[in-house]
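Undergrad: A structural model of the following input is requested.
(2 chains)
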Amino acid sequence: MVDLLEKHKGMADRFQRMLDMGINGLGVTNDQMLSPTRAMVGNREIILAGTNNYMGITFEPSVIAAGQKALAEFGTGTTGSRIANGSFAMHKELEKSLADFLGLKHCIVFTTGYQANLGMLSGLAGPKDTIYLDADSHSSIYDGCTLSGAKLVRFRHNDAADLDKRMARSEGEEGGKLVVLEGIYSMLGDRAPLADFVALKKKHDFQLLVDDAHSFGVLGPNGRGLADEAGIEEGVDFVIGTFSKSVGAIGGFGASNHPLFETLRYAMRPYMFTASSSPASVATSIAALKVLKEQPERRAKLWANSERLFNGLRALGLDTGTDVVSPVIAVKMPDELTTITKWNALFQAGVYVNMAVPPGTPNRLCLLRCSVSAAHTEAEIDQIIAIFKEAVAT
Amino acid sequence: MNDNTTIISVLCDLLAPFNVDQKPLTEATDIPADLNIDSVGILDFIMEVEDHFDIEIPMNAVSNIRTIGELAAYVQTSLNKVS
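TA: As a prediction, the model looks like this:
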């Protein structure tokens, strides 16, 4: 008999090596959440600097109240798909709120951000089409592309000239073409040079999709994401986002002005064949969107905190892998063993960051990945920097 | 001139930076199984192959290519189509 799990033995050995060091950086359990930026792990209080809680909205009283009300009035779950019994009025309200927020005509919400990418990519592209995706794309984009059955062509990260070259190689082929970018790339925090890619539309015939998972609520004067910041929203055909970061809930969305966009509801298997978001999660998302709209000062605080941490870590001589400030700030490590050791030193000193190692990172980088929150105090940011100084920079 | 031997030689050169354990490379080398290269590394290597030969190797095709010899055959077929 061929043991099906035998193929994962290498990964198991790799994980065991970390456990043998007395470290489990991939299995930290928060026993109690004290605030958006603090948790108890066992009997130790930890500053959270790797939770993607960009707007620090998870303990906002109005958002919690909305979730509690929905839980009481609509129950714990929908027990069905959006195309069966799982569409509640609040799902439609959330879609309308999001469309208004984005300034777009149509929006479809998904149960998770991962499913938003699976659904949108597999709904938009089919076996006769080609998807061009950035080499540093998130795994959910790779998986959505694979599910579509489209021809998949990878281009060099953030390199519009490279995309131009690759599109030229298949010039004249039939089928639609979709280019997929991310607003803020999740590992190093750099963002796509959107204007360069939009400019390519004059040369090649394609539709453009931006995954704003890490940039929705974060980038642009209205917090709409990368296109809002770049001032070229008309150049983007489809936007994807998630509720698990700036919105502080769980779920995802796709949005567009395309007149046929609503038909995707009946073409996306990850949308049709899963239960819809729970009432509490939908209600908290609606309430959180309201807060994001009414409190732009949160975004200003997020950027001030991001600059403070970025500059502080750079002043320690640490390599952040990019010169661009964003709420995602990674510190490069020389190898996996050092990453594990330094991650543990940070954790023991009271700071949680993400341990990021290949193949989940671009160019086989080993990273200590931080994400900043608007809810971090200046004192917390300074404490994070001080702990990096002791645990990592020395 | 891009005969099979030349293509294999070029592929071995392009594979060298990814072959961190410096294992010997032959036509029969199973790229994902014999070499310690993760899934992203293989895609990065394929990108180098595409650019060297100025051809397209879609990601969908990569999962069906195991050995250096099979990749050489794919490259040869693509070059024939271009010319």
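
Undergrad: buried ones in the lowest-mean-pLDDT helix or strand in chain B?
TA: Scoring the helices and strands of chain B by mean pLDDT, DSSP states H and E places helix B:31-34 at the bottom, with a mean of 90. Of the residues in helix B:31-34, B:31, B:32, B:34 count as buried by neighbour count, 16 or more other Cβ atoms under 10 Å in any protein chain shown. All C-beta spots, glycine's among them, are computed from the backbone N, C-alpha and C.

Undergrad: Between those, which sits nearest chain A?
TA: Among these, residue B:32 lies closest to chain A (Cβ to the nearest Cβ), at 11.1 Å.

Undergrad: Could I get the contacting residues of the closest one?
TA: By Cβ atoms under 8 Å, 6 or more residues apart in numbering or on different chains, the contact set of residue B:32 is B:39, B:42, B:66.

Undergrad: Chain A: which of these is nearest?
TA: Out of these, the member with the shortest distance to chain A (by Cβ to the nearest Cβ) is residue B:39, at 5.4 Å.

Undergrad: number of nearby residues for the residue nearest to that closest one when sequence neighbours are not counted?
TA: Spatial nearest neighbour of residue B:39, excluding adjacent residues (Cβ to Cβ, 6 or more residues apart in numbering or on different chains): residue A:359 at 5.4 Å. Other residues near residue A:359 come to 14 when the count uses other Cβ atoms under 10 Å in any protein chain shown.

Undergrad: Residue A:359 looks like it's in a strand, true?
TA: No - checked against DSSP: H, G, I helix; E, B strand; the rest coil, residue A:359 lies outside a strand; its state is coil.

Undergrad: pretty sure it contacts residue B:42?
TA: No - here residue A:359 does not reach residue B:42: they are 9.6 Å apart, not a contact under Cβ atoms under 8 Å.

Undergrad: Got the domain ranges for chain A?
TA: Domain ranges of chain A: A:16-48+A:296-393, A:61-294, per automatic domain parsing.

Undergrad: hey, where'd the helices end up in the chain?
TA: In the absence of a named chain, this looks at chain A. If DSSP state H is used as the criterion, the helices of chain A fall at A:9-20, A:61-74, A:89-102, A:113-124, A:139-148, A:160-169, A:194-199, A:226-230, A:269-272, A:279-294, A:297-315, A:336-348, A:378-388.

Undergrad: Not quite, go with chain B.
TA: B:4-15, B:31-34, B:39-53, B:59-62, B:68-82.

Undergrad: can I get those in TSV with distance to residue A:274?
TA: Shown next, in TSV, are the helices of chain B (distance: least, Cβ to Cβ, whole Å):
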stretch	distance to residue A:274
helix B:4-15	41
helix B:31-34	32
helix B:39-53	26
helix B:59-62	25
helix B:68-82	37
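
Undergrad: looking at those helices, which is closest to residue A:108?
TA: helix B:59-62 (26.3 Å; Cβ to Cβ).
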